[in-house]
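*Asks:* Turn this into a structure:
(2 chains)
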Number of protein chains: 2
Amino acid sequence: LLNASKNLLKLVQKLKISKFRNLEQKFIVEGDKLVLESIQNIPQEVVTVFITNTSKIPKESISQFDVYQISNEELDKISTQKNPQHSLAIVKSSFKIKKNKEQPIILICDGIQDPGNFGTIIRTADWFGIQTIIASENTVDRFNPKVIQASMGSIFRVEVSYENLQNYLKGSNRLKIATTLDGGDLFNFETNEDIALIIGNEGKGVSSDLLQIVDVKIKIPGFGAAESLNASVASGIVIAQLKKSMQNA
Amino acid sequence: LLNASKNLLKLVQKLKISKFRNLEQKFIVEGDKLVLESIQNIPQEVVTVFITNTSKIPKESISQFDVYQISNEELDKISTQKNPQHSLAIVKSSFKIKKNKEQPIILICDGIQDPGNFGTIIRTADWFGIQTIIASENTVDRFNPKVIQASMGSIFRVEVSYENLQNYLKGSNRLKIATTLDGGDLFNFETNEDIALIIGNEGKGVSSDLLQIVDVKIKIPGFGAAESLNASVASGIVIAQLKKSMQNA
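*Replies:* Modelled structure (predicted):
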């Protein structure tokens, strides 16, 4: 076990900021659960592990890394969490996801702003076996600590890349589906085609330029007075329904 | 327009804390959108409205209330939001929801801890026309500012009450459904009966004592490596599927 230098602790602080994450090509992962997930999923990218004496991470599982013992006070200082969870790791952002050949559904995220929503969407994608997310350049950074946290480790199993969505979708021969308030009833929709499911911004929905190149607009039927659903809940409902229709096909 | 006294601003501060909300039987609502929703949905319960000079709330819509003009600095101080949205109201927590006679689905929340999740579940309930949520006593307070915010106004249209769930469920003749990791496939489940859908705690799921009195256990089929879904996403997926099966019946 090594002692963490002030410079190393400062690096962690810097990695909370998107600009420095891009510059350093590294990000931080917090808590025993997520640190273990990073070690299990992308061990070759784990650079440094910090543990307090309350960490339950087995020593043998991190013996191959630079491991620093820090105090709870030091962890409190560098953590982004309200209740820091015993450990933290610095991880290289260059990792690659091993993907299945068949990708019946991919997600297109058009300007998701809330990191909790984006992390939750990544987690939902992982649950349903979706391994590809294409995000617009104005979507929140996938390495934002709140995205990582809400993804519950799914960020290590789902590939997220940032692209110009117009260009991307024009080059794709998938069935392009968007959820809109004037779409057809999701409950009546079925397809066997490969799908690109477009998820719109929390407030504005799917951009008008993308709506012009969409093949199908669908709506989750509403029965009450709420104006809309949360973006991550809406995504989950549509993905589940699409998976069900594919299972039946 | 009145000038807000220090005591009044202190009351707002206090109402951020659950204990004082119970004592005062009041809670706070923040931002033009939610303040307007409270005025439209439960006008008789709105006690006090604070607005800054950037608020877009029409003056005529609040003329019946005590309205205080405050500065942006004062709002920053009393707000629970990172980016306070121009207005804030004190509202009495004694309001009643007008409910439809038929309640094909009610939700049972068994220890939801995260206020964002609980607010999102309330919003989803509202979307699907569910007007009754019964929460265990260890579920987060429905008047927690983050619950109110995530509910996006649905808290004014969905009745949330706190009860002993064992007793409540034993006295109910609804079909009791819980989502568990060892349940039957949700995609194959259909029913015409009135339902009590039990949503478990984020980490632990549905309590073992409730699982013993459940009629049906269902599982959202997974296709990837994620251990679980977010509680509010899982609720949305199950509710949508139940609504669809009822629509087909």
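*Asks:* Mind listing what's buried along whichever strand in chain A runs longest?
*Replies:* Ranked by residue count and defined by DSSP state E, the top strand of chain A is strand A:175-185. Within strand A:175-185, the residues that qualify as buried are A:175-180, A:183, counting by 16 or more other CB atoms under 10 Å in any protein chain shown. For every residue, glycine as well, the C-beta is placed using N, CA and C.
*Asks:* any bit of it sitting next to chain B?
*Replies:* No - figure legend: strand A:175-185 not in contact with chain B (CB under 8 Å from any CB of the partner chain); closest approach 9.1 Å.
*Asks:* pLDDT averaged over whichever helix or strand comes after that strand - what is it?
*Replies:* Following strand A:175-185 in sequence order, the next helix or strand is strand A:195-200 (DSSP states H and E). For strand A:195-200, the mean pLDDT works out to 98.
*Asks:* List just the nearest of the buried residues of strand A:175-185 to chain B.
*Replies:* Distances from chain B to the buried residues of strand A:175-185, taken as CB to the nearest CB, are shortest for residue A:179 (12.2 Å).
*Asks:* thought the closest one was touching residue A:221?
*Replies:* No - judged on CB atoms under 8 Å, residue A:179 makes no contact with residue A:221 at a distance of 11.6 Å.
*Asks:* who touches both of these two?
*Replies:* Common contacts of residue A:179 and residue A:221, defined by CB atoms under 8 Å, 6 or more residues apart in numbering or on different chains, comprise residue A:186.
*Asks:* Give me the phi and psi for the closest residue to residue A:30 other than its chain neighbours.
*Replies:* Excluding its sequence neighbours, the residue lying closest to residue A:30 (CB to CB, 6 or more residues apart in numbering or on different chains) is residue A:88, at 5.0 Å. The phi/psi pair for residue A:88 (degrees, to the nearest 10) reads phi -160, psi 140.
*Asks:* Could you do residue A:218 as well?
*Replies:* phi -130, psi 160.
*Asks:* That one touches residue A:181, doesn't it?
*Replies:* No - Residue A:218 is beyond contact range of residue A:181, at 10.6 Å (criterion: CB under 8 Å).
*Asks:* Does anything pack onto the helix or strand of chain A with the lowest mean pLDDT? Which helices or strands?
*Replies:* Least confident helix or strand, chain A: strand A:2-3 with a mean of 72, by mean pLDDT, DSSP states H and E. Helices and strands touching strand A:2-3, by 3 or more CB pairs under 8 Å, 6 or more residues apart in numbering or on different chains; DSSP states H and E, are strand A:66-69.
*Asks:* strand partners of the strand it packs on, parallel vs antiparallel please.
*Replies:* strand A:2-3 (parallel), strand A:46-51 (parallel) (DSSP bridges).
*Asks:* Same question for it: list its buried residues.
*Replies:* Using 16+ other CB under 10 Å as the test for burial, strand A:66-69 gives A:67-68.
*Asks:* Equivalent analysis for stretch A:221-240, please.
*Replies:* Within stretch A:221-240, the residues that count as buried by 16+ other CB under 10 Å are A:221-222, A:224-226, A:228-240.
*Asks:* and chain B, which of those residues reach it?
*Replies:* Restricting the buried residues of stretch A:221-240 to those near chain B by CB under 8 Å from any CB leaves A:221-222, A:224-226, A:228-230, A:232-237, A:240.
*Asks:* Noted, bye for now.
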